[in-house]
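**Q** just coords:
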């Protein structure tokens, strides 16, 4: 039983560390059109505190143009100054040379 409790506490601590840096207030939004050579058709956002997700960039992440509901959520949060929580897809990079990952989910806090 003691091992289960210790394992539970460890997992709670570990999971909070993994996701803790992926939440914050949006500090910048950049809209790239289809003619942007390095990363076309994305909405790039930065959050205070940056991102912590595997090998992804700590500074930049973006939403693909087709995920309009995520773009709307990000714009709403930015306009209201509300914090968000972001999940990144480490296997989907929109700017591979700088390891910038795609946002797959946003929750408003």
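**A** Received, thanks. Every value quoted in this text rests on a predicted model; they were computed, and no experiment measured them.
**Q** ends of stretch 24-40, how far apart?
**A** End-to-end distance of stretch 24-40 (Cα to Cα, to the nearest Å): 25 Å.
**Q** what mean pLDDT does it have?
**A** Mean pLDDT, stretch 24-40: 95.
**Q** how far does it sit from the chain's center?
**A** 13 Å (Cα atoms, centre = their mean, to the nearest Å).
**Q** Find the centremost residue of this protein, please.
**A** residue 86 (3.7 Å; Cα atoms, centre = their mean).
**Q** which non-adjacent residue is nearest that residue?
**A** Spatial nearest neighbour of residue 86, excluding adjacent residues (Cβ to Cβ, 6 or more residues apart in numbering): residue 22 at 4.8 Å. C-beta coordinates here come from the backbone N, C-alpha and C atoms, glycine included.
**Q** One more: residue 39?
**A** residue 95 (4.5 Å).
**Q** rewinding a little: just list whatever residues bridge to the residue nearest to the centre of the chain.
**A** Beta-bridge partners for residue 86, by DSSP bridges, are residue 106.
**Q** okay but the residue nearest to residue 86 is in contact with residue 58, surely?
**A** No: using Cβ atoms under 8 Å, residue 22 makes no contact with residue 58, being 10.5 Å away.
**Q** one step back: quick one: the residue nearest to the centre of the chain from residue 74, how far?
**A** Residue 86 is 9 Å from residue 74, where distance means Cβ to Cβ, to the nearest Å.
**Q** Give me the common contacts of the two.
**A** Contact criterion Cβ atoms under 8 Å, 6 or more residues apart in numbering; residues shared by residue 86 and residue 74: 45, 106.
**Q** Which parts of the chain are helices?
**A** 2-20, 68-80 (DSSP state H).
**Q** Can you flag the weakest of those helices by average pLDDT?
**A** helix 2-20 (a mean of 51).
**Q** Other residues contacting stretch 60-71?
**A** Residues outside stretch 60-71 that contact it (Cβ under 8 Å, 6+ apart): 32, 39, 41-46, 51, 74, 86, 88, 94-95, 98, 100-103, 105-106.
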